[in-house]
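J.: dropping a prediction and its sequence here:
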Amino acid sequence: MAGLIKREDIDEVRQRTDIKEVVDGYVTLKGAGLGSYKGLCPFHDERSPSFTVRPQVGRYHCFGCGEDGDVISFVQKLDHTTFHEAVEKLAARIGYELRYEDGGSGPNREEIGRRQRLLDAHKIADEFFRAQLLTPGAAEGRNFLYGRGFDRAASEQFGVGYAPQGWDSLLKHLRGRGFTDAELKLTGMFSEGNRGIYDRFRGRLIWPIRDIAGDTIGFGARKLYEDDQGPKYLNTPETALYKKSQVLYGIDLAKRTIAKDRQLVVVEGYTDVMACHLAGVTTAVATCGTAFGTDHIKIARRLLSDDGSGGEVIFTFDGDAAGQKAALRAFEEDQRFVAQTYVAVEPTGADPCDLRQAKGDAAVRDLIGTRRPLFEFAIRATLRRHNLDTVEGRISALRESAPVVAQIRDAGMRPAYARELAGWLGMPVEDVSRAVGAAMKRGTQGGPGQQGGRGGAGQGNGFGSTGQQGGYQQNQQGYQNQGGYPQPGQNPGAPGVAPLPPSAALPAFNRPDPRDPVAAMERQALEVVLQQPSMLEGTTWERFSEARFSTPAYLAIHEAIRATGLASAADPARWVAELLQEVPEPLRPLVSELSVVPLPASTEDAVQRYCRDILARLFELQITRVKADKMGQLQRLDAAANPDEFQRLNRELMELEMQRRSLRADS
């Protein structure tokens with residue numbers, strides 16, 4: 001049996017991995033101060049970016065939902081892997097060879113995590129299908145591609161393959177690579193009959209469906225032969241890897257351009273994605289056998305940094321009734337976006353693939369360029385369902401279309417479209433405006449127009465930051481770890497670590513009052529120390545160690561810092577990781593938060609000045625407290641009866657005052 005991963009190797013992988021590079025594969029990050037980056041949280045739906053990454057300390061923290069952790073926990077949560085699998089994946093990413101306890105060499109084939117085995121099977125199947133496309137038996141598949149304007153280079157760019165017509169071609173191939181039938185049943189690539197399992201995809205063109213990280217998680221298969229009794233398109237069924245409501249075909253190829261151009265184009269099929277990308281519209285993706293829904297929106301919003309500063313989502317649909325119905329379904333989800341939503345429908349009903357074949361690449365780009373606001377399309381589609389030549393038809397159309405206008409978020413555009421609607425209906429503007437206003441009032445009571453994004457930064461929980469939008473959420477059992485990420489030395493799934501005690505046995509801490517100037521001062525000092533431990537060298541460490549913190553939560557962190565010491569301070573990421581082992585478990589989210597909150601400085605010199613100033617203010621506060629204590633002693637002292645004590649206290653007060661003035665001069 002293979003051993004557990006050595007603790008020092010886990011630490012090494014954590015230290016060597018750039019957390020920003022890893023997070024960038026899932027979330028669009030933007031600079032948020034020196035050494036800090038922000039983006040929309042991948043763990044909850046939000047409108048304003050509250051997810052912060054600080055590579056210097058190797059941690060992330062969301063000020064909206066409280067999720068936090070290091071690069072290992074991030075991969076665990078986003079890829080749904082075990083702790084072991086996340087470490088192994090990151091180690092492979094940086095080319096680091098892991099060592100295992102008891103001389104083990106890592107998990108063997110039977111011990112590899114189920115997800116990784118599924119990914120391995122899909123990767124091998126992907127390579128198999130692509131190789132088969134070049135064989136003589138795939139001539140029909142190549143003809144199909146050529147007939148739609150896709151040459152060999154295009155096929156290779158998108159990884160298009162071919163499934164042979166036999167019943168067990170892929171099955172034999174994967175069995176030969178060491179996969180058991182029990183494992184293969186879980187992949188979705190095989191069907192099961194009386195004689196066992198057999199290839200699900202036979203005699204079809206194959207498109208690999210990849211997740212945002214680029215791993216193949218499923219396949220889409222297009223019928224080629226008349227004797228194929230199956231549907232025109234056959235996709236992988238729901239598996240542990242493949243959830244169609246969470247998958248966007250082409251997202252792995254489009255994600256960078258989507259983030260750069262702040263544009264997402266949603267088309268209907270695999271060939272449409274190919275046509276768009278080849279025509280220069282490299283922000284195109286497609287759903288896989290389902291409508292564009294809530295989970296797709298979460299992916300899109302994270303890539304777009306959908307925070308109100310621009311961006312657009314463009315839906316392309318066929319011009320037929322089904323296409324219009326799909327567009328109206330998309331409009332129902334429109335309110336979840338801050339980005340402006342549009343629809344692009346080709347007048348002849350041609351999809352992007354057909355349009356590229358008939359008129360070339362420029363026509364595809366022009367189609368996207370002639371997009372119309374989605375709510376305009378929805379209004380006109382609503383009107384087409386009514387006979388506007390009759391009074392009854394116009395009244396009915398107004399009743400149905402007024403709520404659509406009421407859902408327009410832009411307060412400046414809403415009355416403009418009310419006037420447009422009045423013109424389309426041939427009715428007085430006042431009548432239409434009243435109908436829209438009535439629809440808005442109904443909406444404020446839970447109707448249309450109130451489906452805005454959830455979980456913004458202002459709805460934060462856990463510890464909030466002074467000056468941050470995230471609020472505080474009181475918990476009677478103390479501060480809780482939002483999401484239970486694997487902490488160094490405390491993760492029940494980590495090598496050789498005992499389970500955590502029940503939460504009832506953990507200490508509770510009252511939340512610090514952000515209005516309390518002393519608490520605010522102590523918080524700022526801890527932010528500085530956690531992010532810039534090098535500031536504690538020499539006598540500064542002695543002063544900081546002797547400082548008296550009055551806020552219970554901050555006092556506990558201060559005590560943990562003293563216990564940790566400065567042995568690892570040269571490496572902030574390692575130092576914070578060690579501190580997390582010392583601090584009480586309920587306070588770990590707060591430590592993580594303090595270690596990533598951006599410091600108010602834009603250059604290295606400014607950071608140093610800020611840190612020195614904050615520490616000086618902390619030390620001055622301590623001097624003021626000590627002076628107050630000694631002044632009280634002096635006032636209670638009988639100078640005539642205790643002249644030596646009286647003189648000693650006066651000397652100490654003078655020394656403290658000199659220290660205070662020196663701190664002010666230095667800062």
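T.: Ah, there it is. Not measured: the values here are computed from a predicted model. Numbers count the residues shown, from 1 in each chain.
J.: what strand or helix carries P208?
T.: strand 204-210 (DSSP states H and E).
J.: where does the protein have its least confident helix or strand?
T.: Scoring the helices and strands of the chain by mean pLDDT, DSSP states H and E places helix 321-332 at the bottom, with a mean of 63.
J.: pairing partners for the helix or strand following it, with directions?
T.: Later in the chain than helix 321-332, the nearest helix or strand by DSSP H and E is strand 340-344. According to DSSP bridges, strand 340-344 forms sheet pairs with strand 312-316 (parallel), strand 372-373 (antiparallel).
J.: can you list contacts of the strand holding P208?
T.: 122, 126, 129, 141, 144-145, 158-163, 216-224, 228, 234-236, 242, 247, 249, 251-252, 270, 288 (C-beta atoms under 8 Å, 6 or more residues apart in numbering). (Glycine included, C-beta is placed from N, CA and C.)
J.: thinking again about what came up before, from the strands paired with strand 340-344, which stretch is densest packed?
T.: A comparison of the strands paired with strand 340-344 by mean neighbour count, using mean count of other C-beta atoms under 10 Å, puts strand 312-316 on top with a mean of 25.
J.: state the mean pLDDT of it.
T.: For strand 312-316, the mean pLDDT works out to 89.
J.: try stretch 132-148
T.: The average of the pLDDT scores along stretch 132-148 is 96.
J.: check stretch 415-426 too.
T.: Per-residue scores along stretch 415-426 average to 91.
J.: flag every buried residue along that stretch.
T.: P415, Y417, A418, E420, L421, A422, W424, L425 (16 or more other C-beta atoms under 10 Å).
J.: how about stretch 84-93?
T.: Taking 16+ other C-beta under 10 Å as the criterion, stretch 84-93 shows H84, E85, A86, V87, E88, K89, L90, A91, R93 as buried.
J.: so for L621, what's the nearest residue that isn't a sequence neighbour?
T.: Using C-beta to C-beta, 6 or more residues apart in numbering and skipping residues adjacent in sequence, the residue nearest L621 is M521, 5.9 Å away.
J.: reduced to three states, what does the one you found come out as?
T.: helix (DSSP: H, G, I helix; E, B strand; the rest coil).
J.: quick one: contacts for it?
T.: By C-beta under 8 Å, 6+ apart, the neighbours of M521 are R617, L618, L621.
J.: wait, S396 touches L383, no?
T.: No - counting by C-beta atoms under 8 Å, no contact exists between S396 and L383, whose distance comes to 10.2 Å.
J.: so those two - more neighbours on which side?
T.: L383 (19 against 15; other C-beta atoms under 10 Å).
J.: where do the strands sit along the stretch 201-350 of the chain?
T.: Listed in chain order, the strands of the stretch 201-350 of the chain (DSSP state E, counting those that start in this stretch) span 204-210, 216-223, 233-235, 248-249, 263-267, 284-287, 312-316, 340-344.
J.: next, format the ones you listed as TSV and append distance to G39.
T.: Formatted as TSV, the strands of the stretch 201-350 of the chain follow (distance: least, C-beta to C-beta, whole Å):
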stretch	distance to G39
strand 204-210	21
strand 216-223	23
strand 233-235	30
strand 248-249	18
strand 263-267	16
strand 284-287	19
strand 312-316	18
strand 340-344	20
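J.: quick one: which of these is nearest V529?
T.: Closest to V529 of those, according to C-beta to C-beta: strand 263-267, at 41.8 Å.
J.: for the closest one, which strands pair with it and how are they oriented?
T.: Note on strand 263-267: by DSSP bridges, its sheet partners are strand 284-287 (parallel), strand 312-316 (parallel).
J.: how about those, which one is nearest P572?
T.: The closest of the strands paired with strand 263-267 to P572 is strand 284-287. By C-beta to C-beta, the value is 38.0 Å.
J.: count the residues that sit near G214.
T.: G214 is flanked by 11 other residues according to other C-beta under 10 Å.
J.: same question, L579
T.: Residues near L579, counting by other C-beta under 10 Å, number 23.
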